[in-house]
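1. predicted model and sequence below, questions to follow.
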Amino acid sequence: MTSVILALLSAAQFLLALDYSIVYVALPGIARDLDLDIAAAQWVVSAYAVPFAGFLLLGGRLADRVGPGRLFLGATLLFGAACAAGGLAGGGATLLAARGVQGMAAALLQPAILGLIGARFPAGPARTRALSVWGAVGASGLAAGVVLGGVLTRYNWRWTFLVNVPVAVACAAGAAVWLLSAGRDARPDPGPVSPALLGTGAAFGASLGLTLNNRLGWALVAVAAVLLVLTRPPRPRSLRIGAAAAALYMASVGSEFYVVTLMLQDRDGYSPLRAGLAFVPLAAMLTVGSSLTDRLVRRLGATRTLSGGFALAALGLAWLAVTARPALPALLISGLAHGIVYTSMFNVGASDVPAERQSSAGAVMTTAQYLAGAVAIAALTLPLRNSAYSAAFWATAAAAAAGALVALRRPATA
């Protein structure tokens, strides 16, 4: 039964990661068919990312209160309906609204998945193994989205949305059968909601403000900073380290896809399909790295594994900075490190968190991850506008090196 549940949760995570990156190469076709200018077309990405990052904390609190299994079922159905609406959209406003609903559904689904892993797999080898499998499938979804997006866009960009619908329906059916039918959903936690609401306001304001990148945007960031001060910080030290690691992950190897995609298409003139296929070696090593994490944690401990993964990422990204080319060895090294970091950071971050708060803990780390992604994209825009790809890769390598140092602050015996 546990293997079936893990497969179900991994499939849902694959869906979330896939949908984050699958529209990248479809944007030109979407803009052309729906008569969108460049600024509006970029919101096809942002309309998903902003609600995703902004509502994660609220999603985590809801999962703790109503039970992650129930929230998983509802969020999966909402996600599938939004994907269908996006694929059938006849205008830009409809598509952007559908993407916004997708982002909100993802913000509910992600903490529900992590809460179910925390509730169904006890801390120790069982949870480490579950996180390794979940991480391998989920992290590969981010790379697979770029590849699959290039293939589907050759036929019609609408398939980048419609392809998600049958997967969402299958996940919802699996939740009804294996997560709820036996009445084994986690006991609701009646803890306070106000910290989650304050955190949600801070996260949403910061993510929207960084996306707008104008006067209104910076005013929203200032309001978000005030709300963040009023929000109680996470108490378990492991969770603080995990959130910092998640932020530095997204600022390093998590931003690698964005920089390499621009390098291949804007500088080197790759077609969307060819650019997508160029990510296959990196995606393969990413899956290998996630699969190896279980053995590495058992041998070295979660802290040393996380720090070593960041150090390996710094090496691969520095190699790309020196060559300013998508060198295959550098992509393989950074891909391997990507898988190790992605999986082990959740292992470290949730180690001191009780089972009934796993959803909220996962939401904190994922919020840090996606907010850092917005900051990283904003910071990388200037060098990338000037085609300074080497400088962009040096910045991501520095973030990876910082992650290696942050991870070592966690006692190795945790």
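-> That came through fine.
2. C-alpha from now on. contacts and neighbour counts both.
-> Noted.
3. for this protein, just list every one of the strands.
-> Per DSSP state E, the chain carries no strands over any range.
4. in it, where is pLDDT below threshold?
-> For the chain, residues meeting the criterion pLDDT under 70 lie at 38-39, 139, 143, 181-204, 207-208, 210-214, 224-235, 272, 410-414.
5. now do 50
-> Screening the chain residue by residue with the criterion pLDDT under 50, one finds the ranges 412-414.
6. roughly how far apart are Gly335 and Thr305?
-> Look at Gly335 and Thr305: by Cα to Cα, to the nearest Å, they are 15 Å apart.
7. kindly report the same for Ala395.
-> Ala395 is 22 Å from Thr305, where distance means Cα to Cα.
8. can you check Ala98 too?
-> Between Ala98 and Thr305 the computed distance is 39 Å (Cα to Cα).
9. now Ala397
-> Using Cα to Cα, one gets 18 Å for the distance from Ala397 to Thr305.
10. likewise for Pro329?
-> As defined by Cα to Cα, Pro329 lies at a distance of 21 Å from Thr305.
11. more neighbours: the two, which one.
-> Neighbour comparison, Pro329 and Thr305: the larger count goes to Thr305, with 28 against 14 (by other Cα atoms under 10 Å).
12. correct me, but that one touches Leu296?
-> Yes - Thr305 sits in contact with Leu296 when judged by Cα atoms under 8 Å, with a separation of 6.2 Å.
13. and the end-to-end length of stretch 113-133?
-> End-to-end distance of stretch 113-133: 13 Å, with Cα to Cα as the criterion.
14. the nearest residue to Ala97 once chain neighbours are set aside: neighbour count?
-> By the measure of Cα to Cα, 6 or more residues apart in numbering, the closest residue to Ala97 outside its immediate chain neighbours is Ala47, 7.7 Å from it. Counted with other Cα under 10 Å, the burial measure for Ala47 works out to 22 neighbours.
15. list the contacts for Ala47?
-> When the contact criterion is Cα atoms under 8 Å, 6 or more residues apart in numbering, the partners of Ala47 are Leu96, Ala97, Arg99, Gly100, Gly103.
16. of the residues you listed, which is the nearest to Leu162?
-> Using Cα to Cα, Arg99 is the member of these that sits closest to Leu162, with 12.6 Å.
17. quick one: Phe310 and Ala398 touch, right?
-> No - counting by Cα under 8 Å, Phe310 stays clear of Ala398, with 10.2 Å between them.
18. those two - which one has more neighbours?
-> Here Phe310 and Ala398 are compared on neighbour count by other Cα under 10 Å; more neighbours surround Phe310, at 33 against 18.
19. list the contacts of the more buried one.
-> Remark: with contacts taken as Cα under 8 Å, 6+ apart, Phe310 is in contact with Tyr249, Ala337, Val341, Ala400, Ala401, Gly403, Ala404.
20. rerun that using 7 Å as the cut-off
-> Ala337, Val341, Ala400, Ala401, Gly403, Ala404 (Cα atoms under 7 Å, 6 or more residues apart in numbering).
21. sounds good, over and out.
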